[in-house]
Structures are given as C-alpha cells and as structure tokens.
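>>> Predicted model and sequence below, questions to follow.
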There are 12 protein chains.
Amino acid sequence: MAAKPSEKVLTGLQDSLVDLIDLSLQAKQAHWNIYGSHFRAIHLQLDEVTAQVRLASDDVAERLVAIGGEPDGRASTVASSSQVEALSGGRLADDKVIRQFEERLQGVSDRIKARLEDVEEADPLSADLLTGIATGLEKQAWMFRAASGDAS
Amino acid sequence: MAAKPSEKVLTGLQDSLVDLIDLSLQAKQAHWNIYGSHFRAIHLQLDEVTAQVRLASDDVAERLVAIGGEPDGRASTVASSSQVEALSGGRLADDKVIRQFEERLQGVSDRIKARLEDVEEADPLSADLLTGIATGLEKQAWMFRAASGDAS
Amino acid sequence: MAAKPSEKVLTGLQDSLVDLIDLSLQAKQAHWNIYGSHFRAIHLQLDEVTAQVRLASDDVAERLVAIGGEPDGRASTVASSSQVEALSGGRLADDKVIRQFEERLQGVSDRIKARLEDVEEADPLSADLLTGIATGLEKQAWMFRAASGDAS
Amino acid sequence: MAAKPSEKVLTGLQDSLVDLIDLSLQAKQAHWNIYGSHFRAIHLQLDEVTAQVRLASDDVAERLVAIGGEPDGRASTVASSSQVEALSGGRLADDKVIRQFEERLQGVSDRIKARLEDVEEADPLSADLLTGIATGLEKQAWMFRAASGDAS
Amino acid sequence: MAAKPSEKVLTGLQDSLVDLIDLSLQAKQAHWNIYGSHFRAIHLQLDEVTAQVRLASDDVAERLVAIGGEPDGRASTVASSSQVEALSGGRLADDKVIRQFEERLQGVSDRIKARLEDVEEADPLSADLLTGIATGLEKQAWMFRAASGDAS
Amino acid sequence: MAAKPSEKVLTGLQDSLVDLIDLSLQAKQAHWNIYGSHFRAIHLQLDEVTAQVRLASDDVAERLVAIGGEPDGRASTVASSSQVEALSGGRLADDKVIRQFEERLQGVSDRIKARLEDVEEADPLSADLLTGIATGLEKQAWMFRAASGDAS
Amino acid sequence: MAAKPSEKVLTGLQDSLVDLIDLSLQAKQAHWNIYGSHFRAIHLQLDEVTAQVRLASDDVAERLVAIGGEPDGRASTVASSSQVEALSGGRLADDKVIRQFEERLQGVSDRIKARLEDVEEADPLSADLLTGIATGLEKQAWMFRAASGDAS
Amino acid sequence: MAAKPSEKVLTGLQDSLVDLIDLSLQAKQAHWNIYGSHFRAIHLQLDEVTAQVRLASDDVAERLVAIGGEPDGRASTVASSSQVEALSGGRLADDKVIRQFEERLQGVSDRIKARLEDVEEADPLSADLLTGIATGLEKQAWMFRAASGDAS
Amino acid sequence: MAAKPSEKVLTGLQDSLVDLIDLSLQAKQAHWNIYGSHFRAIHLQLDEVTAQVRLASDDVAERLVAIGGEPDGRASTVASSSQVEALSGGRLADDKVIRQFEERLQGVSDRIKARLEDVEEADPLSADLLTGIATGLEKQAWMFRAASGDAS
Amino acid sequence: MAAKPSEKVLTGLQDSLVDLIDLSLQAKQAHWNIYGSHFRAIHLQLDEVTAQVRLASDDVAERLVAIGGEPDGRASTVASSSQVEALSGGRLADDKVIRQFEERLQGVSDRIKARLEDVEEADPLSADLLTGIATGLEKQAWMFRAASGDAS
Amino acid sequence: MAAKPSEKVLTGLQDSLVDLIDLSLQAKQAHWNIYGSHFRAIHLQLDEVTAQVRLASDDVAERLVAIGGEPDGRASTVASSSQVEALSGGRLADDKVIRQFEERLQGVSDRIKARLEDVEEADPLSADLLTGIATGLEKQAWMFRAASGDAS
Amino acid sequence: MAAKPSEKVLTGLQDSLVDLIDLSLQAKQAHWNIYGSHFRAIHLQLDEVTAQVRLASDDVAERLVAIGGEPDGRASTVASSSQVEALSGGRLADDKVIRQFEERLQGVSDRIKARLEDVEEADPLSADLLTGIATGLEKQAWMFRAASGDAS
C-alpha cells in the first residue's frame, strides 16, 4: 500500500482536475459554436486544446488515485467546483473566443502554479507532473494571446 | 443559409448530446476509481467507451450546428439536464461498474431510439446519424451485460 | 437488459449470418482452387470478398447477441442452413468462378433486401446495418459481372 | 444479373454524380485562384472539400453501375447538365469564395434531399448512400457559413 | 509442373486444413456467445486464435495446391470431416470456453504432430510448415490452460 | 511581386492543365464503365492514372498562379478547350479502353513535349515541371501499349 | 570532459539501476509462470511493466555513464545487490502475483524517492530523471493494487 | 571463430545463391519486356517474385559467410554458373513468360530440395533456411501454373 | 576523385546555401515573434517554409561537397554574406510578416535563377537541383502573396 | 493437458533460456560501458543483439511453459547457471567488446546446436524453434567477427 | 496577459536559445565537411544532434515568448552573442570533430546548469524545461566522449 | 504508338542500365564479403547504395521500354557489357571497399554525364531522368570519398 497522502497534495490535484475537465468541455463548446472570419483557425486550435487538456486531466486523476485519493470528475462536481469562468450559451464570435481562452488557459496555469510550492514539499512527483501541464497551458495561452493581436 | 430546423430535431439532438457527454465523463470517472479483480479488463473497456462516445457527441453537436442549432455541452448544462443516472463518488467495485454501465449504455440508446421516429420525419439525415450511434451503444452495452454473467 | 427482440429480426439476422459465413468459406475455396489466365485478378478479388464478408458476418453476429439472440455460425449449421448454392470440389476454371460469384453475391444481397422491410419495422438499427452490408455485396457483384464481359 | 433499376433511382444518382464532380472541379478552381487575408484557411478547407466530394462521386458512380446504370461523368456532360452555379474565371476574393461554397454545398445537399423520398421507395440502398453524402456536405456548408461570420 | 505428390502428404495437409477451418469457426462462435466475468479477456483471446488459425489454414491450403492437391474447405466438408469436437449452440459460460479451447487447440496440434513423421519423409517442406503451425497452437493452448487455473 | 510571365509559358501551362483535368475525368469515366475479362486489371490501372494525373494538374495550376497566371480548370473550360479526344458514353469494352488510353496518354505527353522548347527559354522552372509530368505519362502509356499486346 | 560526479549521485543511480533490472527480470518470470483465471490480464500487464522498466533502466544507466560513472547491470551484480525481494521458482498463482508486484513496484519507487533529496542537491538533472521514473512505477503499482481488490 | 564448414554445405548454399540471383535478374527482365493482354497481372506478380527472391539470396549469402564461406554473387559468376535456363532477349509474350517462370521457379526449388539431405546432415541450420526458401518458390510456381490454365 | 569543379558552380551553390540558411532562421524568428489575427495560419505556414528550406540547404551543401567544394554554413558566414534583407528584432505584426516573406522567398528564387545559366553550362546536375529548389520557393512566395490580398 | 514433456527437452530449453537472458544483460552492459573510436557502430549493434536475444528468450520460455515446464529466468538463476563467460566490470574497450561478443554469440549457438539432436527426437517443435534462434545468433556472431578484421 | 517575467529568466532563456541555434548550425557544418575513416558514424550522429537541438531551441523560444519575452534567433544575433566556440572553415577531420562536439555539447549544458538556480526561483516551469534539455545534451556529449576513446 | 526513338538515346539508356545493375550486384557482393574494423558502417552504406541503384535501374529500364526500346538486364549481358571494373572474389578488406566504391560510383556517374548532351537533344525526358540518377551517384561517391579520409 502507498503511504498516506498529504491533504494539500490531494486538494491540489483534485482542484486542478476539475479545472482541466471544465476547460476541455469549454474548448469543445467553443469548437462547435464559434463563428467569424477566423472560424477555421480557432476551430482547429480549440481541438488541440481539447486533446492536450484531456491528456493532462487523465494524468492528474491517475496520479491522484495512485497516491490513494479518489478523483472526482463527475459533471455535477465540475459544474459546482470549477474555478474557470463559465462560457455563455449560444453562438460565440471568434474574437471573443480568442480573448476568453487566452484568459482561461492562463488562469488555470496560474492556479496550478500557486499550488506548486505546497505540493512540491509533500510530493515532488505530483509537483513535477503539474509543472509540465502548466508549461503546456501557457504555450497554448500565448497562441491565443498572439492571435488577439496583443504584441506584449 | 440552411432551412429552418424542426424543433423536435433540435431537441432530439441536444438531449442526445447531453447524455453522451455525461456518459463520457462517467466512463472516465469509473476508469479512474474502479477496483476489483477485473480491474484491468473493465479499466480498458471504459476507455473504449470514452473514445466512442466522444466521437458520437462531436458528430451530434456538429450536426446540430450544421442545421442551425446551438449545441450546449457546458458542465452546468450537462449536470442539470442529463438523464443518465449519476455515479456515486469514491472508489467503485468492478462488478457494480459492470452493471451500471450496461444499464447506462442501454438507457442512452433507448432514449435515442425513442426519438428516432420524430427525427426521421423531419430530418432523415440526423436520424441516420443517431441510428449508427445507438447501434454502437448497444454493442457496448452487450459487452458489459456479457461480463456481468448474464447469459440472456 | 435489452428489450425482448422480435422473432423476425432474430431470424433475419441469423439467416444473413449463415449466408455470409458460407460466402466467406466459398471465396477462400475458390481463392485456392481457381485456375485460368485470369488467375491473379480473381485470386486477389476473392480475398477482398473474404475480408469484406468476414467483417459483415462479425457485425451481424454481434448485433444478434446485442439484442439478445444467440448467433449460430458453426460449420454444421452453415452446411445445413445456408441458402448459397454449393461450389463443386476440385479445381475451378476462372470464367466459371466469375459467373458463380456474381450470382452468389447478388443472391445473398437479394435475400437480405427481401428481409429489410420486416426488420426495419421492428428494429431500424439492424435494418441500417443490413442495408450497408447489402450495398457492399452489390458493389462486389458488379465487379464480377463486369469481369464476365456482361455490359448490362 | 441485377434486377432492372428504377428510372427515378438512375436519374437521382446521375444528377447527384454530375453535381458532385462539378463541385470538386470548382473546389480545385477556387483552391488555386483564391486570394485574401484568409487565403491559407480557405485554401486548405477547399482541399478537404475536394477529397470528400471525390470519394462521394466515386461511391455514387459505382452504385449506379452496380444497379445497371451507366454513369456519365465526362467534362461535356458535367458542363451541360450540372445544376451548380458556375464560378467566374480569374482570381477570387476569399470572402466571396466563402459565401459561394456555403451556397453551393448546401445547394447540392438540398437537391439530394429532394430526391431522397423517390429513391428510398425504389432502392433503399441508394437512399442510404445519398443520405450519408448529404450529411457530409451540410457539415462542410456549416464550416463555410460559420467562417462567413453568419451566427445563425 | 510439380512432381506427383505423396498420398500421405495430401491427406495430412487436407485433414489439418479441415481442423483449422473448424477451429476458426468455433473461435468466432465462442467469441460471440461467451458470457461470464472473464468475458473481455477470453473474447479478445478468441479473436487472436481466429486470426492465427485463419493464416495457418491459408498457408496449408496454398501448400496443398502448390504440390498438386485440391484443398477442400467447403462448409459441408468441414462439417462432415473435422475431428474437432463440436461446440453446443447458444450462450457459452466463460470457464467452459476456456477448458474447451485448451482441449481443442491441443487436440489439433496433437493430430498434426502425429502426421509429421509421415509427411517429413515424403515432403520436408510441408512438414516444416506444419511444425510451425503446431508450435503456435500449443502456445495458444497453454494460454487457455493457464487461464483455467491449471498450474501443471 | 513575381516578374511578368511570358505569354507562351502561360498558354503552355493552361493548355496542359486542361488536357490533364480532362484525362483524369476520362480515366474515372472508364474506371466506372469498363467491362470485359480484363476488367479488374484495367479498372485498377485507371485509378493509378487518375491519381497521378490529378497530382500533375495540381502542380501545373499552382505553378501557373505562382508566376502570375490564372489557371482555369472549370468544367466548361475543360469541355470546350481540351484537345483530348472525347470518350463515347455508356459501357466501354476493355480492349477498346486499353487502346484509347494508350493514345490519349501519349497524346497529352506529345503536346507537352511540343511546348517544351518555348517554355524552356522563358521559364526553365516550368519546363522542368512539365518534363517530369510527360515522363510519367509516357510510362503509363507504355503500360497500356504493353497490355494491348503491341510488342513494339 | 564532464565534471567529477558526486558519490551520492553515482550510488543513487547504480542502486536504482539494479532494482530496475531485477524488476524487469521478475516481470518476465511472472509473465511466463503465472496461472489463474486472471491469467491474460496480468500476463499482458506484466509485459507493460517490463517495457516501461527496461526503458527506465536504460535511461538511468546512460545518465550514469554520461556523468562519468560505470553502470553495472550484470547478472551477478543484480543477483547480489538488488533490494527487490526474490520471487519463488515455479508456477505462480495470479492473485499472489498481483500482490507481489504491487509491493515490489511501490518498493522500488519508495527507495528512489528516499534518494531524491541527496541527488537533487548534487545533480538536479539526475533527480529530474528519477522523479519521472518513480511516478511511472507508482502508476503501475496502483494498477496492481486496484486489481487486488484494495479500494484504498 | 566458427567451426570449419562442410564442403557440401558451402556448395549447396553457393549454388542456391547463384540460381536465386539469376532468378531475380530474369524476373526484372521479364517485368520490363513483357507484353500481352495479361501484362499488368504478370508485371506485378514478377515484382513480387523479385522482392521475395532478393530476400532469399541475401539470407543465403549471409548464412554462407556466417559459416565461413565466401559468397560469390558477381555478374560473371552468375552468368557462368547459374543453372536457370536463360531468357531470350527482346519483348516477351505474356503466356510464354507464365510458362517460363512456372518452370524456373519449380526448377530452382527442385535443385534446392535435391541438396537438402546432404546439407541437413552437416548443418541443420542451413537446411532449415533452404527449406523455407524452397516452400516460398513453390508457392510462386503454383501461381504461374494456375495462371497458365493448368488445372493439375 | 571527382573532377575539378568550376568556380562559378562553387560560388553559385555557396551563395544559395547562405541565403537558404538565413531564410530558415528568419522563418523560425517570425514563427516565434508573429502576432495578429492571422497568427495561426502564418505561424504554421512559416514552419512549412522552415522544413522545406532546411531540406533545400542540406541538398545544396551536400552537392557542394560532392563536387569538391567546402560548404560554409556557419553563423558568422551567414550573418556576413547573406543577401536576404534582415528582419527587425522584437514582435512582428502578421500583415508585415506576410509581405516580408513574399519578398524574401521570391528574392532568393530570383537570385538562384540569375545563376542558373552559368551553372547549367558547367554542371547540369547542380543546375537541375537548383531549379527544383527555386520552383518550391516560388510556390511558397505565391502563398504569401495570395494571403497579402494581392490578386495579381 | 499437454503430454508429459521429456526431461532432455526441458533441460535443453531451460539451459538455452539462461544463456540467452545472460547474453541480453551482457549486451546492455557493453552497450553502456563501451568506448573507443568504433563506439557508435558497436553501441548500435549491441542494441540489435539485445532486441533479438530478448525475443528469443521469450519464445524459449513460452515454449517451455507450453509443454509443461517451469522456465526460470530469475537473476540468481542466471547468475549461477549461465554458461556464458562473465564480462568484467567498468568501461570496456571497443575492440575487446567485438571479440567478446563474437565468442559469446557463437558459444551460445554452439551449445544450442549440441542439444538439437536430443531435442529433435523428443520434440521436433522445440527443435525447430531452437534452430531458428541459433541461425540468428550465428549471423550476429559473423558481424562481430567481420568487424574484428578476421577475414576467415 | 501573462505576469511580468523576471529579467533573469528572460536572459537565461535567450542565452540558451542562441547557444542552441549555434550548436545546430555547427552540427550541420560538421555533418557536411567531416572526413576520415569514421565519416559515416559521426555524419549520422551529427544529424541526431541537429534534430535534438532544433527541437530544444524551438521549445526555449516558445517558452520565452509565452512568458512575454522576444526571442532573438537571427543570424547576426547568433553570430555576435553565442558562447559556443566557432568551428574553423573547410574540411574537418573526424577525430577532431569528435573532440569538438564533446566539448561544445558539454559546454552548452554547463552554461544552462549554471543558470538553473536563478531561473528555478523565478520561474520553475522554465527551469524544468531547461533541465530536460541539459540532460539530453550531456547524453550526446557522452557519446562523443566515448567515441574519442576516453574511458573516464 | 510512341515515336521512333533515337539510336543514341537507346544506347545511352541501355549502357546506363547495365552499369547500374552491375553496381547493385557488386554492392551486395561487398555487403556480404567485407571485413575490417569499419565493417558495420560500410555494410550498411552498401545496402543504401543497393536500394538506390536498384530504383535507378528500374526507372531507366522502364523509360527504355516506354520509348520503344528493349532493355536487356540479363546476367550474361551485364557480365559481358558492363563498364564497371570487376570486383575480385573472396573476402574484401573495408578500406579497399571504400576506395573501390568511390571510384565505381563516380565512374558510372561520369559515363552517364558524358552521354547527357546527346540524349538531351533527342529526348529531354530521358536526359532529365539520367541527370537525377547521376546526382544521386555522386552524393554516394562523396560519402565513400569522405570515409577514405580524402579531404579534397
């Protein structure tokens, strides 16, 4: 049996899991409802986000259960505890989607980074996993930022 | 511009979409939390369900938008309107998972089939799409039924 | 558990299954015993028939069991209940093989089509599956018909 | 030999064939002559259309000949009988291409759908084939519609 | 023209062919009708048996015809001359399937081995082919034996 | 901006483009309507011609636009300006197809070769591209010539 | 030339190397000798362990030599210095194998983690490599733990 | 160093090598010069022969050198010592090619089989290699025999 | 040893090499620093340019050394002798990048074409290589030109 | 159940298994510790040996268990019963590695060949398997012998 | 928008970028100009270095821009600010290349490692990325060191 | 029918064909008989030569027959008319092989180049084909020259 996991690590992983699942659902939602002259570029970019974020959520959940936690990725849990700002329903204009995903991707990464120090101390293996995921999210965030015409 | 879509078709597709997304989240939830001597077989089977159901939900959502609808696959919508019975949190014994997924897969297919006649009349293209999806769900349901030791 | 299947659907699928398995055995039989100046073309064509028909029989049998039937594809059942005309033993001349397979492929498709209406009513999912299979058989039948020098 | 095909089925397939071939030639024509800031996205999208429509025209022609028809896809036949509105020669601005292909893809699908009932009655196999093709065309039409900035 | 083949070689190959074809049909029959808590593992294992045995029967039949024989793999021949014990119809419990296939795979191999000496003398090439096939069957037999909980 | 292209080069490429598109449509037309004992071999060969000629026409059109031309590959342009002799409608006997394609492939290559000197002088890059295409066409022409039983 | 490596890093890597090689030999040993109703699932799982652990041992050994060490993975060294508890000879019951590998995988990871702090200080690159390996071992350990019916 | 090889084994391998290289050159020669209505089928079949025979000659030569021999596959050696009957120059009619390759493939196999007993005694490893090669040649020989219309 | 190469050929290849390497560095520089609403399309297009130009520079350098030259692709050589206009540092707006790469791609091609005649005379093999590279550059230049909204 | 296996066969396979596992460990040991100007060539060659020998040991162990034996490939068994001469620890000069592996590969093959006659009599299937493995080892031995500059 | 990046992180990444690009150009330069009896081994090894280092420089530049920096990888910047010792022009003897690349690869890694602590504090994500790159460089350095005949 | 080919073109292609086939046989001969410390590098390089030269000879022969010639690649023709200097029999030292293949590859290319002007005039398509082949040969020649330690 694995050693008793730290509460902070369990919370850090579960909170990241919920954010990542929500992000993957939002990316698909936008993939379907987007319109505007940049439709195709963003439509495809969002599918890359979905694929990358799904892999990340799978890794996080399996790390959680490997250290003795109980990952919770059910729709109701995601709906009630995700910290990602909700998307509005209906069609979504492309320029708005670009700004929304730049913020959401950076936001999920920022929350992961804020938890890193606590996790690192108790479980460097989980911290290493989260570090790689955050790096990937920031690369995606940059791509939307660049597409928003923001040179900074 | 596409012709004005029938309300029944829009509802039929949107209801199917929500069920399918919920099913994919539940399949992942069980994929992570399952335990028992049949762990590996069901763990892998659930990933096949996830992959198949994700493709199906993508097809349904893109058909919805193609006929002028606005697919809604956000976490809160799934949490509030899915007709798939919720999974309990925490670890899940393998035999229970087998029974739960046999029922849920068959249930989603049954609801799709109940809508087929209405959809067929108004939009045979959508009906054809849903027919193929239901056939796939019933094949998966059989596999769980057979694994439950139910010879009928 | 799945709903009680209609007798007509079970019979329609079982009869198709037996014909398809017999067809795959005959295609291999001819693949081995054929001779004549068109040996290679027909030898290869017969392997495409085998591959396509094996997939079809697998789909039919799995649909049968998914709706609660008990597919029977044993050698004795195939030998006694297949409606495909038997091949004679020994070497087979290529022109004769071409005519025989044009007839057998069309024949199996014709019998499937004759059952479609009954099946459609009781189980549109099974009907949809059989429709696709029959279309594939008729495409193969055309290829043998064209090779027989029949321009009609 | 296959049974005598219905005149309505033959006509339905031949008319669809001509429209699909014309669509593939127009997609290539636009693929080459398009210009504008969305060049790359539409240039690539048009090649997807070409690939999908070429497969569809091949399936339709082979179904036609399988039921005893004589598919006619020669340049002169396409030029004289296609119902797809012609493209003008010379360079094509990207926004205009987007609108033209949204209309043409939807138009070919609408004409196929208008023929479905007649074909279904006489030859459900051909109807099933055309249904799948029309679904694919409408998905492509949506992608151009979304790119035109039309949120409906 | 090839030299006149020995009667013993022809019989040895034909008898092996019939057993192998019957084994492939039985493996598919069990693949469809199996149930029990080990459903998935055995369902998949049986498809590996089918694939391996189909390749083996193809090699045997083509060797037969290459040395001047006339392979006979028709359903009626298989039904009447196979030495593999028949499966009962209907659903099949997984533990019973495991025992049945351990016996049948070993049995077909034992019959091939009993013929090897005669074949070796007259046609070492055919003997070499059969040797490789028997080795493969015994590896499969072991896998079912191990799954039956038989440690010997 | 690219330098002003020579009229001879533009004409040489446009004339080649039209011939190549027509050839690809004729190859598909024959692919569908051919019959005779050599059906399969020629049916497959014609699909190789189609694939090769489509690539060639794409290269020619993109070269045309790269040097400032406006490639015209619309059905009406192909119908009115192609120099490839038209195929008759309806079914086509295999031996006739063989002779027709030997002539048409060689013919298109001969016309390309006749233009090479003019093109070479003004635009060696276009000449190099056309040279490779003509070589490929002559290889295909030989294959039909050999199949026609013409040893020369 | 690389800088002089720390003794602690060399020891940490060499000890890990020996454990990993022993684990790969034990996984193969069990892969061959396992029996019981879960044969197939564990037989396959053990091959995944083997593949993953072989890659890990290769990475560790090459890191060792890259920093100037002399990796020792000879049979006698593994036999005398591995800290992984030995397997008994002969056939191995599946439930026992499951428990043994859960313990051994977790044990190797625990020993690697105990060395991480020392290694991190002297050579963060080696620490990073070992961190990723331990994470992979713990994921494998969880899979065996879950299969043992241990829900914690 | 390897043990001193038997003269019979060296000769058996060298003679086989020369025949196989000659066969591969002849297969290419016919691949290029064949004509007749079966051009495509035989043209492709001959390339399969070339590929298979080249692999065989490589295996034989590397076995020769592995046991201490000096394989000689130079053009002059092949020209002077091959026992395969020479092809005439110039174009080759397809029916004649079929007969020639049936004889040559069977002939090379017959010569290999005649050497097997001697080789087996001194070097069973080389004998095993030659056995597999001869089986492959006889399968190819059958394909040409069947194409020649010879049912025996 | 290869014959003594002409000075003009050596210079022509070396000058092309430097331009091509510089182009590949600039394409990467823009790939990273670009921003604007067309970010994704141009970001991806620039990676295609990089891949194509790297292959071209490798071919040119290996041709140079094959004829006895000494290719020089060091950073300082590229910085001092490239004729491609330098990019400014910092972020780059997408519309500007489009214009810059249209010009640079066309420019490198123009310089290669200007050297072709001299090279052709002394070394037709090198000229043939450069011709193919220039054709590829002009195709890329067209794509940027078309994206700049320039219809000519 | 399989027939009772002969003691000689069991011993022959077990002894071969131990040698093969030891060889794979030694090949990796040398792969890591080798140095000298031929580093890369031998480093890569040793990985081919590892891959080939691992496959061989897996086949031997699975044959052993298939006939009722209990393969023993544990580190302690390998260390105590392998007949392959041990490698010294520490770095290994490339020329020495070449000689050592030529000898070890040939040695393992020689021991397998010495057992072949006994095994052949009792179990021709195992003999056939070992024959193929020995052939592969001798091919590898030749490659090291050739690299040692030994022309014999 | 991303948070304001630390100056030390920006500098650390930019300096690494320049070194990596220079290394990739030098690896290609040596790939082309190398000669000596180890030509092929080192020629191939250098292409692996190029591929690995190009990926690393891409990751570093994209991390730089993701955190708000402006990566500069232009030829003039590389030429003026790279800390990698320049290669001399002209042909390069293989033994010298081996020594040069061992030093340069180790040197770039050493400089990255010297920056790690500063970067780690301000941006652990960038530090994690650089750690993986340095590990890869040291593995390559070892390969050249081993090839130089340096056993330490 | 193709136009009457020029005698010079036929001769140029036939002479190239014979040289290329001889080169491929010699490359295999050396691939087998080479020994020396550079065994592996040259052994592998020679297989690349074989593959490249076989493709070239196939292209040349098919061009020959496409223009109405009769390619002659029989062993006796190659033995009597090849202009490539013969290899001696028996084992071949690696350094000698390197020098021999540098000369032979350059020699075949030189003879092709000497024929180019005549061929170009009569048949630019054949000249273009031969140009590409000669470029490939010179690249291979350089690799052997570089490996011989010849810096020029």
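In hand now; what should we look at? Numbers count the residues shown, from 1 in each chain, chains lettered A, B, ... in the order given.
>>> Pull the contacting residues for the residue of chain A found nearest chain G.
The minimum distance from chain A to chain G, using Cβ to the nearest Cβ, falls at A:Ala66 (3.9 Å). The C-beta positions use only the backbone N, C-alpha and C, and glycine is treated the same way. Applying Cβ atoms under 8 Å, 6 or more residues apart in numbering or on different chains to A:Ala66 gives the contacts A:2, G:138-139, G:141-142.
>>> ok, now A:Ala27?
A:Ala27 sits next to A:46-47, A:49-50, A:53, A:101 when contact means Cβ under 8 Å, 6+ apart.
>>> So what does the nearest residue to A:Arg99 once chain neighbours are set aside look like in phi/psi?
Closest residue in space to A:Arg99, ignoring its immediate chain neighbours: A:Ser148 at 5.7 Å, by Cβ to Cβ, 6 or more residues apart in numbering or on different chains. Note on A:Ser148: its backbone torsions stand at phi -80, psi 0 [degrees, to the nearest 10].
>>> A:Ser148 touches A:Lys96, doesn't it?
No - A:Ser148 lies out of contact with A:Lys96 (Cβ atoms under 8 Å); the separation is 10.1 Å.
>>> Quick check, central residue of chain A?
Nearest residue to the geometric centre of chain A (Cα atoms, centre = their mean): A:Leu20, 3.2 Å.
>>> any chance you could read off phi and psi for that one?
For A:Leu20, the backbone dihedrals are phi -70, psi -40 (criterion: degrees, to the nearest 10).
>>> Number of residues surrounding the closest residue to it other than its chain neighbours?
Excluding its sequence neighbours, the residue lying closest to A:Leu20 (Cβ to Cβ, 6+ apart) is A:Ser57, at 4.0 Å. A:Ser57 is flanked by 24 other residues according to other Cβ atoms under 10 Å in any protein chain shown.
>>> check contacts around A:Ser57.
Counting by Cβ under 8 Å, 6+ apart, A:Ser57 touches A:17, A:20-21, A:24, A:73, B:28.
>>> Now the residue of chain A found nearest chain F: closest residue in space that isn't a chain neighbour?
Taking Cβ to the nearest Cβ, chain F has its nearest neighbour within chain A at A:Arg40, 20.5 Å off. Using Cβ to Cβ, 6+ apart and skipping residues adjacent in sequence, the residue nearest A:Arg40 is D:Ala41, 4.2 Å away.
>>> which stretches of chain A form strands?
Secondary structure of chain A by DSSP state E: the strands cover A:34-35, A:92-93.
>>> Of those strands, which is nearest E:Ser109?
E:Ser109 lies closest to strand A:34-35 among the strands of chain A, at 60.3 Å (Cβ to Cβ).
>>> my guess is the residue of chain A closest to chain F meets D:Ala147, correct?
Yes - here A:Arg40 reaches D:Ala147: they are 6.0 Å apart, a contact under Cβ under 8 Å.
>>> Could you pull up phi and psi at A:Glu85?
The phi and psi torsions at A:Glu85 (degrees, to the nearest 10) take the values phi -60, psi 140.
>>> Run a quick neighbour tally on it.
By the measure other Cβ under 10 Å, the count of residues near A:Glu85 is 11.
>>> Ok, A:Asp59 next?
19.
>>> ok, which stretches of chain A are helices?
A:7-33, A:39-66, A:75-81, A:94-122, A:124-147 (DSSP state H).
>>> residues of the fourth one that come out buried?
By that I understand helix A:94-122. A:94-95, A:97-98, A:100-109, A:111-113, A:115-116, A:118-120, A:122 (16 or more other Cβ atoms under 10 Å in any protein chain shown).
>>> next one: the third one
Applying a neighbour-count criterion of 16+ other Cβ under 10 Å, one finds A:75-79 buried in helix A:75-81.
>>> Now narrow these to whatever sits close to chain I.
When Cβ under 8 Å from any Cβ of the partner chain is applied, no member of the buried residues of helix A:75-81 is adjacent to chain I.
>>> Low-confidence ranges, chain A, go.
In the predicted model, chain A carries pLDDT under 70 at residues A:1-3, A:152.
>>> Now do the same contact list for A:His38.
A:94-95, A:98, A:147, D:38, D:41, I:37-38.
>>> and the gap between the residue lying closest to the residue of chain A closest to chain G once chain neighbours are set aside and chain C?
Using Cβ to Cβ, 6+ apart and skipping the chain neighbours, the partner closest in space to A:Ala66 is G:Trp142 (3.9 Å). G:Trp142 sits 33 Å away from chain C, taking Cβ to the nearest Cβ, to the nearest Å as the criterion.
>>> Between the contacts of A:Ser57, identify the one with the most neighbours.
A:Ile21 leads those on contacts (other Cβ under 10 Å) with 30 neighbours.
>>> Next, the contact list for that one, please.
Shown in contact with A:Ile21 (Cβ under 8 Å, 6+ apart): A:57, A:73, A:78, A:82, B:25, B:75.
>>> let's go with 7 Å and repeat that
Listed by Cβ atoms under 7 Å, 6 or more residues apart in numbering or on different chains, the contact partners of A:Ile21 are A:57, A:73, A:78.
>>> Chain I versus that one, what's the distance?
From A:Ile21 across to chain I, the span is 25 Å (Cβ to the nearest Cβ).
>>> roughly how far apart are that residue and chain H?
The gap separating A:Ile21 from chain H is 51 Å, by Cβ to the nearest Cβ.
>>> Equivalent analysis for A:Thr131, please.
Separation of A:Thr131 from chain H (Cβ to the nearest Cβ): 49 Å.
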